[in-house]
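[1] next one to model:
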Amino acid sequence: MDLQRSDLDNHRRILGIAFIAINALTVLVGVGLAVFFAFAGAMMVSESSLAEDRASYWLFGGGISACVLAFGLPGVIAGIGLLKRRGWSRVLALVLGIVGLFNFPLGTCLGIYAIWFYAQEGSDRVLAS
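    So this is what the prediction gives:
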């Protein structure tokens, strides 16, 4: 089935919006975790909690928050690139779509949609216009 260029352009736009929306949720979770660990670490101020314990708690929380943010930010960047028709966004979106297949259920749906879109003939010319 051959899709027309305007149909492919609409799918490119939808894919960009989907990348931004789904990965913005991941970024929001990362920010929420950072805030949670910051407040919880601040509550550990007591005689029984050592400074080393608080520092290790903040490092642990910061590490988890940074990892979650590291998973979400590239998807937001790919979505913005798709909406602005940047050539580099094609490869980034395809790689993130494949990696996202393991992130059930939203990442799986987004990954299948990204792979389907890039399997269409002419999808590489949609970004060039």
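
[2] I'd guessed residue 29 sits against residue 67; true?
    No: Residue 29 is beyond contact range of residue 67, at 11.0 Å (criterion: Cβ atoms under 8 Å). Where you see a C-beta, it was placed from the backbone N, CA and C, and this is true even at glycine.

[3] what is the subsequent helix or strand relative to the strand or helix carrying residue 67?
    Counting by DSSP states H and E, the element that carries residue 67 is helix 51-83. Remark: after helix 51-83, the chain's next helix or strand is helix 88-99, criterion DSSP H and E.

[4] quick one, phi/psi of residue 85?
    Note on residue 85: backbone dihedrals following degrees, to the nearest 10 are phi 60, psi 40.

[5] neighbours of it, just the number please.
    16 (other Cβ atoms under 10 Å).

[6] by mean pLDDT, which helix or strand of this protein comes out lowest?
    The helix or strand of the chain with the poorest confidence is helix 123-126; it has a mean of 78 (mean pLDDT, DSSP states H and E).

[7] and the contacts of that helix?
    Helix 123-126 is contacted from outside by 5, 8, 9, 12, 85, 90, 117, 118, using Cβ atoms under 8 Å, 6 or more residues apart in numbering.

[8] from these, which single one is nearest residue 77?
    Residue 77 has its nearest neighbour among the contacts of helix 123-126 in residue 90, at 13.0 Å by Cβ to Cβ.

[9] so the closest one makes contact with residue 97?
    No: look at residue 90 against residue 97 with Cβ under 8 Å: they stay out of range, at 10.7 Å.

[10] of the two, who's got more company?
    residue 97 (25 against 22).

[11] list the contacts of the spatially closest residue to the more buried one that is not a sequence neighbour.
    Nearest non-adjacent residue to residue 97, counting by Cβ to Cβ, 6 or more residues apart in numbering: residue 114, 2.9 Å away. By Cβ under 8 Å, 6+ apart, the contact set of residue 114 is 15, 19, 93, 94, 96, 97, 98, 100.
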